[in-house]
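Engineer: have a look at this prediction, sequence included:
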Amino acid sequence: MKIAYFDCPSGAAGDMIMASLVDAGVDVAALRAELARLPLQGWELTAREVRKGAFRATKVDVVVNREAHRHHRSLRDILEILDTSALAPSVKERASRIFTRLADAEARVHGVARETVHFHDVGAVDAIIDVTGGVIALDLAGAQAVHVSALPIGGGLVGGPHGKIPVPGPGTAELLRGFPVVDTGVRAELVTPTGAAILTTLAVSAGRMPSLTVDAIGYGAGTMDLPDTPNILRCFLGETSPVAGSEETVLQVETTIDDMSPQLYETLIERLFDAGALDVFLQPVIMKRGRPGIVVTALCVPERHGDLSRVLFEETSTIGVRWSARERARLAREIVVLTTAYGAIPFKVSRLGGRIVTVTPEFADVARIAREKSLPVREVLDQARADGRRLLHD
């Protein structure tokens, strides 16, 4: 699987993310052509090579016609721009998700409803191009998943529409909740709200770089010149290195419950699978004050964690759901129907490097045959396994 890993030694901003992907090989003309699908006029995207300290990098700028954008935009306005655009549905969905998280963060720190949050005039256009351009650039690069290093938190004070605020700004800090950060000692705004929104929304893991074969490296330049630190964001594009089987990133979504009737778990598990869970399991635990509880754990592909979270909130008594990225390896597998001593039975067959390593009859069919023939299930299972191995290895 092709992934993008963003290494952020001196911060992250929307234009730096886009610039790093352009520097890694994304065609800036193709990027402009896709961005032109937005029903938004009065802007221009430029890209040029610059130097940051001793290093070269690509600097991307969004030049905005201030006369064409004199009013503020709400989240609804921006979502409407995305929805009515001619962009690919997957781009619309991810960009909308990023802006919704950005608006939710601002709403939380200001104590207002999401719908009342406004993105300020020219900044709104910058953000729309930065966010949408970043998502488009990831698609053009062929990246199927995003991974990110820990983010440098910065420090000091910075001016904004509401006066001087501490770094990271309250909205940025809200977006960084649950995400690994590091204090590098630099007193400046290193992570912008747009950069934080893009990376924390799209990343399936944060921290160390996953094992991968690097195909391209891009350097995106920031606007500031920092003392003793090149203000760049580095993007690695490459294929994840295979282990025993095919490697993939899944999310582990879970919650802990101590006050729900056991009768409800059967329906919960069914609904989680219907919502896209790859696996679901329950574990007994002892919680605070010695209360017995149950940890409900579900695995899913990254884009389905919202659906699983909704099911957990609707079908259980929980008031909180947590998730984390997990790397897993799966053997190549297929279902084949084999004729055994008891008739045709489906088998799950897995292979490692083309070699068959497991041959497992479907248990529901084994149990059905045992009932029909009034035989012990274990006897039918053992015979089916032996027949399956013999037939597939002959």
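Structural biologist: Perfect, I can see it now.

Engineer: where does the stretch 1-150 of the chain have low pLDDT?
Structural biologist: Across the stretch 1-150 of the chain, the ranges flagged by pLDDT under 70 are 68-70, 120-123.

Engineer: now do the strands in it.
Structural biologist: 2-7, 43-52, 55-64, 73-74, 118-119, 145-148 (DSSP state E, counting those that start in this stretch).

Engineer: show me the contact partners of the second one.
Structural biologist: For strand 43-52, contacts defined as Cβ atoms under 8 Å, 6 or more residues apart in numbering pick out 19, 22, 28, 31-32, 35, 56-65, 125, 129, 133, 219, 221-222, 225, 230-232. For every residue, glycine as well, the C-beta is placed using N, CA and C.

Engineer: tabulate the strands of the stretch 1-150 of the chain (TSV), appending distance to residue 137 and mean neighbour count.
Structural biologist: Below are the strands of the stretch 1-150 of the chain laid out as TSV (distance: least, Cβ to Cβ, whole Å; neighbours: other Cβ atoms under 10 Å):
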stretch	distance to residue 137	mean neighbour count
strand 2-7	9	22
strand 43-52	11	14
strand 55-64	9	18
strand 73-74	22	18
strand 118-119	21	19
strand 145-148	11	24
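
Engineer: can those strands go into a markdown table with extra columns for distance to residue 306?
Structural biologist: Shown next, in a markdown table, are the strands of the stretch 1-150 of the chain (distance: least, Cβ to Cβ, whole Å):
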| stretch | distance to residue 306 |
| --- | --- |
| strand 2-7 | 21 |
| strand 43-52 | 31 |
| strand 55-64 | 29 |
| strand 73-74 | 22 |
| strand 118-119 | 23 |
| strand 145-148 | 16 |
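
Engineer: among those, which is nearest residue 189?
Structural biologist: Nearest to residue 189 among those is strand 43-52 (16.5 Å), distances taken as Cβ to Cβ.

Engineer: how many degrees apart are the closest one and strand 55-64 in direction?
Structural biologist: 160 degrees (axes from the mean of the first three to the mean of the last three Cα atoms, to 10 degrees).

Engineer: chain center to strand 43-52, what's the gap?
Structural biologist: 28 Å (Cα atoms, centre = their mean, to the nearest Å).

Engineer: for that strand, which strands pair with it and how are they oriented?
Structural biologist: Paired with strand 43-52 in the same sheet, following DSSP bridges, are strand 55-64 (antiparallel).

Engineer: contacts for the strand it pairs with next, please.
Structural biologist: 15-16, 18-20, 22-23, 28, 42-51, 122, 125-126, 129-130, 133, 218-221, 230, 232.

Engineer: please verify my assumption that residue 174 contacts residue 108.
Structural biologist: Yes - using Cβ atoms under 8 Å, residue 174 is in contact with residue 108, at 5.5 Å.

Engineer: neighbour count winner among these two?
Structural biologist: residue 174 (19 against 16; other Cβ atoms under 10 Å).

Engineer: which residues of the stretch 201-350 of the chain fall in helices?
Structural biologist: Under the criterion DSSP state H, counting those that start in this stretch, the stretch 201-350 of the chain contains helices at 265-274, 305-315.

Engineer: what's the most buried one of these?
Structural biologist: With neighbours defined as mean count of other Cβ atoms under 10 Å, these peak in mean count at helix 305-315, which reaches a mean of 18.

Engineer: what's near enough to touch residue 337?
Structural biologist: 344-347.

Engineer: buried ones among the residues you listed?
Structural biologist: Those of the contacts of residue 337 that meet the buried threshold are 345, 347, by 16 or more other Cβ atoms under 10 Å.

Engineer: out of the strands of the stretch 1-150 of the chain, nearest to residue 186?
Structural biologist: strand 43-52 (13.8 Å).

Engineer: partner residues bridging the closest residue to residue 362 other than its chain neighbours?
Structural biologist: Setting aside the residues directly before and after it, residue 362 is nearest to residue 346 in space (Cβ to Cβ, 6 or more residues apart in numbering), at 4.5 Å. Beta-bridge pairing of residue 346 under DSSP bridges involves residue 337.

Engineer: pretty sure residue 346 sits against residue 335.
Structural biologist: Yes - with contact defined as Cβ under 8 Å, residue 346 counts as touching residue 335 (5.4 Å).

Engineer: now do the shared contacts for these two.
Structural biologist: What both residue 346 and residue 335 touch, as defined by Cβ under 8 Å, 6+ apart, is the set residue 362.

Engineer: how about residue 360, what does it touch?
Structural biologist: Counted by Cβ under 8 Å, 6+ apart, residue 360 has contacts 347-349, 385, 388.

Engineer: and of the strands of the stretch 1-150 of the chain, who's closest to residue 180?
Structural biologist: It is, among the strands of the stretch 1-150 of the chain and with distance given as Cβ to Cβ, strand 145-148, at 8.8 Å.

Engineer: alpha carbons of that closest one, in PDB - could you do that?
Structural biologist: Once non-C-alpha atoms are left out, strand 145-148 reads as follows in PDB (Å, rounded to 0.1, in the frame of the first residue of the first chain):
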ATOM      1  CA  ALA A 145      -3.000   6.400   3.900                       C
ATOM      2  CA  VAL A 146      -1.400   9.200   5.900                       C
ATOM      3  CA  HIS A 147       1.100   8.800   8.800                       C
ATOM      4  CA  VAL A 148       2.600  11.700  10.700                       C
END
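
Engineer: tell me which helix or strand comes right after it.
Structural biologist: Downstream of strand 145-148, the first helix or strand assigned by DSSP states H and E is strand 151-152.

Engineer: strand partners (parallel or antiparallel) of the lengthiest strand in the chain?
Structural biologist: The strand spanning the most residues in the chain, taking DSSP state E as the definition, is strand 246-257. Sheet partners assigned to strand 246-257 using DSSP bridges are listed as strand 292-300 (antiparallel), strand 322-330 (antiparallel).
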